[in-house]
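**Student:** all I have is the shape, not the residue letters:
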């Protein structure tokens with residue numbers, strides 16, 4: 001039976017309505033997201049375990065060398081032990097290897113979450129073959145978008161440093177304190193807004209054909225027009241949740257724990273929360289994208305049609 005379509009007029013969902021709708025979408029899509037979540041969680045945990053165990057003896061050797069030669073940092077350019085160089089080289093190589101592996105895992109995870117959640121929100125369910133084809137077709141766009149968002153973030157950090165430097169030079173004026181205070185207050189606001197823009201830009205780059213990089217960032221900024229506070233509050237919610245559980249994980253650690261026991265407690269707890277929060281965060285922003293795009297299309301007179309799944313027809 002062919003899918004039917006109905007027109008559904010949309011009004012802007014509130015903060016808690018978005019959360020509720022995201023829970024519904026996740027529940028509807030649990031058969032797809034569940035196995036992927038478990039696979040990604042296990043993969044990240046194995047990577048973390050491997051990295052810690054591989055680097056543990058190297059780091060201990062490097063610290064012992066540093067204790068024997070306290071001036072090693074100052075003499076680094078012309079009087080460095082070959083063993084220390086080998087330790088540094090091994091640490092860098094392992095870090096780069098695991099960063100590349102984490103990047104591939106994260107990219108796969110995000111494309112799968114966004115694609116399957118969008119289809120589930122519009123009453124469709126994708127099978128593994130469809131998800132594989134979507135990933136092969138779209139993986140470059142979120143990667144390019146993230147690269148440009150990284151450059152933009154570095155640019156903003158640089159502007160903050162310049163602003164603080166100017167304020168320091170001009171110190172002594174009462175207006176300078178006001179200026180520095182305004183800069184300090186704007187930092188968390190800018191951070192959470194940029195984080196929301198980054199996430200939505202990735203969502204846009206996955207879901208919109210031919211939209212990646214600067215174009216995806218511009219499109220995300222356009223969709224967030226008038227909704228910046230709501231999007232930023234979502235990022236605050238996820239940051240507070242992850243930070244709280246991370247602190248709990250640190251609190252349960254004891255000084256006399258072995259490395260194996262510490263990793264067995266910390267990594268599953270932090271990685272499990274990271275995977276869950278990342279999954280739900282991108283589901284939320286995928287629902288955001290759908291609602292904002294629908295409203296924009298209605299304003300432009302395009303209308304929006306949602307498919308009804310075969311089972312509901």
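**Tutor:** Received the coordinates, thanks. These numbers were taken from a predicted model, which means no experiment stands behind them.

**Student:** which residues does residue 135 contact?
**Tutor:** 108, 111-112, 115 (Cβ atoms under 8 Å, 6 or more residues apart in numbering). Placement of C-beta: from N, CA and C, glycine included.

**Student:** in helices, which of those residues appear?
**Tutor:** If you go by DSSP state H, those have 108, 111-112, 115 in helices.

**Student:** in CSV, list those along with distance to residue 170, pLDDT and neighbour count.
**Tutor:** Formatted as CSV, the ones in helices among the contacts of residue 135 follow (distance: Cβ to Cβ, whole Å; pLDDT from 0 to 100; neighbours: other Cβ atoms under 10 Å):
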residue, distance to residue 170, pLDDT, neighbour count
108, 49, 85, 17
111, 48, 88, 24
112, 51, 86, 25
115, 51, 84, 23
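
**Student:** give me the phi and psi angles of residue 211.
**Tutor:** With angles defined as degrees, to the nearest 10, residue 211 sits at phi -120, psi 110.

**Student:** now do residue 189
**Tutor:** Backbone geometry at residue 189, expressed as degrees, to the nearest 10, gives phi -60, psi -50.

**Student:** so what's it up against?
**Tutor:** residue 232.

**Student:** now the strands for this structure?
**Tutor:** All strands of the chain, identified by DSSP state E, fall at 4-7, 305-308.

**Student:** quick check: mean pLDDT of the last one?
**Tutor:** If I follow you right, that is strand 305-308. Strand 305-308 shows a mean pLDDT of 39 in the predicted model.

**Student:** do the first one as well
**Tutor:** Confidence over strand 4-7, taken as the mean pLDDT, stands at 38.

**Student:** so where's the stretch 151-300 of the chain uncertain?
**Tutor:** In the predicted model of the stretch 151-300 of the chain, residues 171-174, 249, 252-263, 296-300 satisfy pLDDT under 70.

**Student:** need the ones in helices among the contacts of residue 135 in a markdown table with distance to residue 133, can you?
**Tutor:** Listed next are these as a markdown table, based on distance: Cβ to Cβ, whole Å:
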| residue | distance to residue 133 |
| --- | --- |
| 108 | 13 |
| 111 | 11 |
| 112 | 12 |
| 115 | 10 |
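
**Student:** which of those sits closest to residue 14?
**Tutor:** For these, the minimum distance to residue 14 (Cβ to Cβ) is 25.8 Å, reached by residue 115.

**Student:** list the contacts for that closest one?
**Tutor:** Residue 115 sits in contact with 126, 131, 134-135, 138, 206-207, where contact means Cβ under 8 Å, 6+ apart.

**Student:** neighbour-wise, which one of those leads?
**Tutor:** Most neighbours among these, by other Cβ atoms under 10 Å: residue 206, with 28 neighbours.

**Student:** just checking, that one touches residue 113?
**Tutor:** No - taking contacts as Cβ atoms under 8 Å, residue 206 lies outside contact range of residue 113: 9.1 Å.
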